[in-house]
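Asker: model this:
(2 chains)
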2 protein chains.
Amino acid sequence: MIDHNSRIDSALFGYLPSGDLREQALIDSMRYSLEAGGKRVRPRLVLEFCELCGGDIEAALPFACAVEMIHTYSLIHDDLPCMDDDDLRRGKPSNHRVFGEDTALLAGDALLTLAFEVISRDETAELAGDRACRLAAKTLSHYAGAVGMVGGQVIDLQNEGQRAPIEVLREMDFKKTANLIMAACELGCIAAGADEEKRRAAASYGEAIGIAFQIEDDILDVTSSDEELGKPVGSDGENEKSTYVSLLGVDECRRLVRELTDDAKNALSSFEGDTASLSDFAEALANRKK
Amino acid sequence: MIDHNSRIDSALFGYLPSGDLREQALIDSMRYSLEAGGKRVRPRLVLEFCELCGGDIEAALPFACAVEMIHTYSLIHDDLPCMDDDDLRRGKPSNHRVFGEDTALLAGDALLTLAFEVISRDETAELAGDRACRLAAKTLSHYAGAVGMVGGQVIDLQNEGQRAPIEVLREMDFKKTANLIMAACELGCIAAGADEEKRRAAASYGEAIGIAFQIEDDILDVTSSDEELGKPVGSDGENEKSTYVSLLGVDECRRLVRELTDDAKNALSSFEGDTASLSDFAEALANRKK
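Answerer: This is a model prediction of the structure:
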């Protein structure tokens, strides 16, 4: 999946407004957080599922960028003082520490808006068709919205300082983390014009790896050393938040990650193409050390 | 245009997620600001232009609601402490004063996202067609984004405490205020399947009334009494911000409003239908007392 990243990056930055703009600080702020990006997991999933469904990568690229823009805006807003109040994001100063809270807020708004512009441009429609553009906007807005990712963030706020039960934790992670990953998997299928059944299978894969990722996060928080993890271990426990480990214990969590990873791989059986890289990806997430 | 408002309101609230939701606080916060809504100017323009182009109002309603959701989210974010820090909006406590900054931020994000969901739903596509949905998303995202409304807000931030020249003021108001009104006018045409020429004429109308509205605002700020205006008069001058009046004087501003109102009415000559209510609307904005 590595070779996809350079295509994603060049498409991503190509969508940023350019020229002699009075609002250049906004564009700089948007670019800063897009550049601070991590492994491009979500856009890569868009491209992978598009290929798996026999689609044209070029048609999927705008959708891939849109998902990454949504992910990036959510991190900018999440780091704001009124939310998690984080000074650092992936080892670099968070957006608002560099550009100020006001510009960071607006950069998030602009990235969220740009995601839908990229999906609905004439150039995207020429490659993917009007219907695929519309379905992509529908799917992404649903998973990213009030009963999706944003809803999950609200449940997370309510969970702070509380010992939430497992079903709340599960719903929170399903919405906050898994839903955008599900959107990515489905958008790849939509770009390829795949049918409902394939889209549902892709969403199942996305759900399973998304939840497994969160559980693995909680496991690493208690079993990893600070050095391996790149952040203080045990920080979740100190915040008096429920975690999968605090509710279920490490062994049960490991069993769940194994089960979800198998679920993800089973979901791939709905596809005829070569599923090896998506299968490997699910395994790699389950076995990661940080 | 009055009779449109009840249809807009019932459609608007109908799009909010319902049911037994853990993120109910988010939905309440979204509803609060939609209910605090003013005259529904933008969604009414969507419906008016749709009718003028011979389109079906039902197809335009989702687009109308989407524009109002974007307008509402921008007000919520604008009132946040890191922006204008306003405790009141239209005489009621601002969203973050009631729901907290974190939920207000997320309610804005969710309304922005919902706007694009409403445009791209299957039910909307059945009425308007996939292509119209795609064009509506494209148009709205462009005008509301980094080089549109959000860009205008960044220019406004930079203008604070500065004596910006007239061209900066004009660009700021074009982007911050006029662009979303232009989007509303164009979206009405798109819902009716109108051609490019009509869409451009609608945008010209929107631009003219949008800029006229801002200049009229500045005039009222110095000529109105507190009582008439419903807010302290002269507040712009105290903030050391450039205004049209401070740069051009009241008489020249009145002449500009007259000129722009005539421009708006002239733009309507591209349409064959009955333009009386849109013509009256431009006049009413120019002659308003608050």
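Asker: which of the helices and strands in chain A ranks last by mean pLDDT?
Answerer: Lowest on mean pLDDT, DSSP states H and E among the helices and strands of chain A sits helix A:235-238, with a mean of 54.
Asker: after that helix comes which helix or strand?
Answerer: As assigned by DSSP states H and E, the chain's next helix or strand after helix A:235-238 is helix A:244-248.
Asker: could you say what helices and strands that next one packs with?
Answerer: helix A:166-173, helix A:196-223, helix A:250-267 (3 or more CB pairs under 8 Å, 6 or more residues apart in numbering or on different chains; DSSP states H and E). Bear in mind the C-beta positions are built from the backbone N, C-alpha and C, glycine included.
Asker: including mean neighbour count and distance to residue A:103, could these go into TSV?
Answerer: Compiled in TSV, these are given as follows (neighbours: other CB atoms under 10 Å in any protein chain shown; distance: least, CB to CB, whole Å):
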stretch	mean neighbour count	distance to residue A:103
helix A:166-173	18	29
helix A:196-223	21	30
helix A:250-267	17	39
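Asker: of all those helices, which one comes closest to residue A:179?
Answerer: Of all those, helix A:196-223 sits nearest to residue A:179, with 7.6 Å by CB to CB.
Asker: is chain B contacted by the closest one?
Answerer: No - judged by CB under 8 Å from any CB of the partner chain, helix A:196-223 and chain B are separated, with a smallest distance of 12.2 Å.
Asker: figure out how far that helix is from the centre of its chain.
Answerer: Distance of helix A:196-223 from the chain centroid (CA atoms, centre = their mean, to the nearest Å) equals 11 Å.
Asker: give the other helices and strands that it contacts.
Answerer: helix A:166-173, helix A:179-191, helix A:226-229, helix A:235-238, helix A:244-248, helix A:250-267, helix A:276-286.
Asker: apply 6 Å and report the result again.
Answerer: Under the contact criterion of 3 or more CB pairs under 6 Å, 6 or more residues apart in numbering or on different chains; DSSP states H and E, helix A:196-223 touches helix A:179-191, helix A:244-248, helix A:250-267, helix A:276-286.
Asker: now the helices and strands packed on helix A:244-248 as a markdown table including distance to residue B:126 and mean pLDDT?
Answerer: A markdown table is the format used below for the helices and strands packed on helix A:244-248 (distance: least, CB to CB, whole Å; pLDDT from 0 to 100):
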| stretch | distance to residue B:126 | mean pLDDT |
| --- | --- | --- |
| helix A:166-173 | 31 | 94 |
| helix A:196-223 | 17 | 95 |
| helix A:250-267 | 30 | 97 |
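Asker: poorly predicted segments of the stretch 1-150 of chain A, please.
Answerer: Across the stretch 1-150 of chain A, the ranges flagged by pLDDT under 70 are A:1-2.
Asker: near chain B, which residues of it? Just list them.
Answerer: Applying CB under 6 Å from any CB of the partner chain, we find that the stretch 1-150 of chain A lies next to chain B at A:17, A:22-23, A:26, A:82-83, A:101-102, A:106, A:109-110, A:112-114, A:116-117, A:120, A:125, A:130-131, A:133-134, A:137-138, A:141-142, A:144-147, A:150.
Asker: go through those residues and flag which are in helices.
Answerer: Secondary structure assignment by DSSP state H places A:26, A:101-102, A:106, A:109-110, A:112-114, A:116-117, A:120, A:125, A:130-131, A:133-134, A:137-138, A:141-142, A:144, A:150 of those in helices.
Asker: what sits against residue A:176?
Answerer: Residue A:176 is in contact with A:152-153, A:156, counting by CB atoms under 6 Å, 6 or more residues apart in numbering or on different chains.
Asker: tell me which of the helices and strands packed on helix A:196-223 lies nearest to residue B:36.
Answerer: If you check each of the helices and strands packed on helix A:196-223 against residue B:36 by CB to CB, helix A:179-191 wins as the nearest, at 29.0 Å.
Asker: other SSEs contacting the closest one?
Answerer: Using 3+ CB pairs under 6 Å, 6+ apart, helix A:179-191 is in contact with helix A:41-52, helix A:57-79, helix A:130-144, helix A:196-223.
Asker: just the pLDDT for the closest residue to residue A:175 other than its chain neighbours.
Answerer: What sits nearest to residue A:175 in space, not counting adjacent residues and going by CB to CB, 6 or more residues apart in numbering or on different chains, is residue A:152, at 3.0 Å. Reading off the confidence values, residue A:152 has pLDDT 97.
Asker: so who does residue A:152 touch?
Answerer: So residue A:152 contacts A:172, A:175-176 (CB under 6 Å, 6+ apart).
Asker: can you rerun that using 10 Å?
Answerer: By CB atoms under 10 Å, 6 or more residues apart in numbering or on different chains, the residues touching residue A:152 are A:74, A:171-180, B:22-23.
Asker: from the residues you listed, which is closest to residue B:217?
Answerer: Looking across the contacts of residue A:152 and measuring by CB to CB, the closest to residue B:217 is residue A:74, at 34.4 Å.
Asker: restricting to C-alpha, output stretch A:62-72 in PDB.
Answerer: The C-alpha coordinates for stretch A:62-72 follow below in PDB (Å, rounded to 0.1, in the frame of the first residue of the first chain):
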ATOM      1  CA  PRO A  62     -10.800  12.700  -4.900                       C
ATOM      2  CA  PHE A  63     -12.900  10.500  -2.600                       C
ATOM      3  CA  ALA A  64      -9.700   9.400  -0.800                       C
ATOM      4  CA  CYS A  65      -8.600  13.000  -0.300                       C
ATOM      5  CA  ALA A  66     -12.000  14.000   0.900                       C
ATOM      6  CA  VAL A  67     -11.900  11.300   3.700                       C
ATOM      7  CA  GLU A  68      -8.400  12.500   4.700                       C
ATOM      8  CA  MET A  69      -9.600  16.100   4.900                       C
ATOM      9  CA  ILE A  70     -12.500  15.100   7.200                       C
ATOM     10  CA  HIS A  71     -10.100  13.100   9.400                       C
ATOM     11  CA  THR A  72      -7.700  16.100   9.500                       C
END
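Asker: and that stretch, which residues are buried?
Answerer: Buried residues in stretch A:62-72, counted by 16 or more other CB atoms under 10 Å in any protein chain shown: A:62-72.
Asker: could you do stretch A:52-62 as well?
Answerer: Residues of stretch A:52-62 classed as buried: A:52-53, A:55, A:57, A:59-62 (neighbour count, 16+ other CB under 10 Å).
Asker: just stretch A:120-134 next, same as before
Answerer: In stretch A:120-134, counting by 16+ other CB under 10 Å, buried: A:120-121, A:124-125, A:127-134.
Asker: mind telling me the two of those residues farthest from one another?
Answerer: Pairwise distances across these (CB to CB) peak at 15.1 Å, for the pair A:121 and A:131.
Asker: coming back round to it: just the buried residues of the residues of the stretch 1-150 of chain A next to chain B.
Answerer: Using 16+ other CB under 10 Å as the burial test, the residues of the stretch 1-150 of chain A next to chain B include A:17, A:22-23, A:26, A:82-83, A:101-102, A:106, A:109-110, A:112-114, A:116-117, A:120, A:125, A:130-131, A:133-134, A:137-138, A:141-142, A:144-147, A:150 as buried.
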